[in-house]
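Asker: how would this look folded up:
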Amino acid sequence: MVNAQEWLDKNYPKQGRSEIKNLDISNKDLEGELTLDGFTNLVYLNCFDNQLTEINFSSLSSEKVRIINIANNNLSLRDLSFLSRFANLEELYVHNNSQSKIDRGIINR
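Answerer: The predicted structure follows:
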């Protein structure tokens, strides 16, 4: 497993993040917490199939984000009200369909 924040900071330096509209960090074997600071123009976020326990969306533009895929992770217990500020969200994926992860208790709660 790889620390999610360290991986993101290494592969996406903060000075270039505002230019990124599509961020696909799926299937990277990432674990732990992730803060998406600096991705102010993000439209599409794909974090599918990692072991993320927390994702901080606070710096994302509530008007620009259209698609969020956080399926097959290990997010902590919460309701989805934290997503209510994304007024233009068109697609949201939060499911768990990996039987091996479900069997190990690695699921979005």
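Asker: which of the helices or strands spans Ile102?
Answerer: Per DSSP states H and E: Ile102 is located in helix 99-103.
Asker: chain center to that helix: distance?
Answerer: Averaged C-alpha coordinates place helix 99-103 at 20 Å from its chain's average position (CA atoms, centre = their mean, to the nearest Å).
Asker: any buried residues in that helix, and which?
Answerer: Lys101 (16 or more other CB atoms under 10 Å). Heads up, the C-betas are built off the backbone N, CA and C, glycines and all.
Asker: can you dump the C-alpha atoms of it in PDB for me?
Answerer: Taking Å, rounded to 0.1, in the frame of the first residue of the first chain, the C-alpha atoms of helix 99-103 are listed here in PDB:
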ATOM      1  CA  GLN A  99     -16.200  -9.100  -3.200                       C
ATOM      2  CA  SER A 100     -12.700  -9.700  -1.900                       C
ATOM      3  CA  LYS A 101     -12.600  -6.200  -0.300                       C
ATOM      4  CA  ILE A 102     -16.100  -6.700   1.100                       C
ATOM      5  CA  ASP A 103     -15.000 -10.000   2.600                       C
END
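Asker: perfect, that will be all.
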